[in-house]
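>>> Using only what follows, build the 3D model:
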Amino acid sequence: MTRTLRRPLNAPHRHLVQFRSVRRAPGWCGFALAIAIGAAAVPVGAQAVLGYGDDATTAPAGTLRFGFTNLWSRWYEAFDDPSGSGASIKTRSQQRRTLVALDIGITHRLMLTALLPSVGANENATYFPDTARAVHADSLRTFNRSGIGDVAASLKYVWLGAQPERERVSPTGLHVRSALTALGRLGTGGPPRPNSQFGVGTDEGTPGIEVGSFWDVVMGRHFWTSVVGRYEHHLSDTRDIRVGTGTPGDPFDATAAPVTTTRTLGDLMSVEVTPRFVLGEYFSIGAQYQYIHERPGTF
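The predicted model follows:
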């Protein structure tokens, strides 16, 4: 059985350390809703905090900014033997994804970002026997995996509405800001192991390129929202995957074995909308709606 846990595209990173700048900067397939609240401090009349999610801002020229985000996921699955024997398998999976980010402000409009994800995953599979009268599990297996994910680097260019730092942290009136991004991703992550019946990989493990358009609408000192569109194209690579003659992904398929394949994952498009309410220089509340559509891949 092979499964890939999709990462959030260019997952947002919350910066914790930066030099020279007074500002802070800046999740599964289908529909996502995320609520994030920044660290609290004494409110003041400014918009220094950026809050949750990606946006069209860049680090000021000469600024080196470092930060990380932790994302914890947990899910459950159940599999029934399609032959009707009564056997079943239940799995409990969890993954910790830590994204380390480094931003370098090249100019007031151009920023270089390096992204290094570290991933740890654990999956417990409980096997139930093929006897209808049995209610107890007959075996338990654990699958662990840890390592780096797909490393990436990106350039962001603000082509519309770039503001000096003083005006950005204390805005008045209505402002529109837009940026374009280009990102390259290396296939440094590891998909699920082909010789294991279960298990979660550290990433897709395939190279790709991504382009994005970022738009911010800023209304005064307290409310602003970001709309982000992305398109990701995967390049072909060669991998061993678990393949059998039965139903794809069936863990009961006795014919399943590692097979060397040339694969091309499907292109991916996403749109996300993130409104934010700024309560002070260090405190904001944001919500995010995200839609992701992925085309089928080929093997």
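
>>> Residue 204 and residue 48, how far apart?
36 Å (Cβ to Cβ, to the nearest Å). For glycine as for every other residue, the C-beta is placed from the backbone atoms N, C-alpha and C.

>>> Could you check which of these two has the larger neighbour count?
Per other Cβ atoms under 10 Å, whichever of residue 204 and residue 48 has more neighbours is residue 204, with 24 against 18.

>>> the helices in the stretch 51-200 of the chain, which residues?
With helices called from DSSP state H, counting those that start in this stretch, the stretch 51-200 of the chain shows them at 165-169.

>>> How are the strands of it distributed by residue range?
Ranges of strands in the stretch 51-200 of the chain, per DSSP state E, counting those that start in this stretch, are 64-80, 88-105, 110-128, 139-148, 152-160, 174-185.

>>> Please tabulate those in CSV, including the columns mean neighbour count and distance to residue 271.
Formatted as CSV, the strands of the stretch 51-200 of the chain follow (neighbours: other Cβ atoms under 10 Å; distance: least, Cβ to Cβ, whole Å):
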stretch, mean neighbour count, distance to residue 271
strand 64-80, 14, 20
strand 88-105, 18, 21
strand 110-128, 19, 21
strand 139-148, 14, 28
strand 152-160, 18, 18
strand 174-185, 17, 14
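
>>> Relative to residue 194, which of these is closest?
Ranking these by proximity to residue 194 (Cβ to Cβ) places strand 139-148 first, at 12.8 Å.

>>> Just give the strands next to the closest one in its sheet, each with its orientation.
strand 110-128 (antiparallel) (DSSP bridges).

>>> Just the CA atoms from the strand it pairs with would do, formatted as PDB, please.
Extracted in PDB, the C-alpha atoms of strand 110-128 (Å, rounded to 0.1, in the frame of the first residue of the first chain):
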ATOM      1  CA  LEU A 110      12.500  41.500  -3.100                       C
ATOM      2  CA  MET A 111      13.000  38.700  -0.500                       C
ATOM      3  CA  LEU A 112      14.800  35.300  -0.600                       C
ATOM      4  CA  THR A 113      13.400  32.500   1.600                       C
ATOM      5  CA  ALA A 114      14.900  29.000   2.400                       C
ATOM      6  CA  LEU A 115      12.500  26.300   3.800                       C
ATOM      7  CA  LEU A 116      13.800  23.200   5.600                       C
ATOM      8  CA  PRO A 117      11.100  20.800   6.900                       C
ATOM      9  CA  SER A 118      11.800  18.200   9.600                       C
ATOM     10  CA  VAL A 119       9.300  15.400   9.800                       C
ATOM     11  CA  GLY A 120       8.600  12.600  12.400                       C
ATOM     12  CA  ALA A 121       5.800  10.100  11.900                       C
ATOM     13  CA  ASN A 122       4.400   7.100  13.700                       C
ATOM     14  CA  GLU A 123       1.800   4.600  12.700                       C
ATOM     15  CA  ASN A 124       0.300   1.700  14.800                       C
ATOM     16  CA  ALA A 125      -1.600  -1.000  12.900                       C
ATOM     17  CA  THR A 126      -3.800  -3.400  14.800                       C
ATOM     18  CA  TYR A 127      -4.600  -6.700  13.100                       C
ATOM     19  CA  PHE A 128      -7.900  -8.600  13.800                       C
END
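
>>> from the middle of its chain, how far away would it be?
Averaging C-alpha positions (Cα atoms, centre = their mean, to the nearest Å) puts strand 110-128 9 Å from its chain's average.
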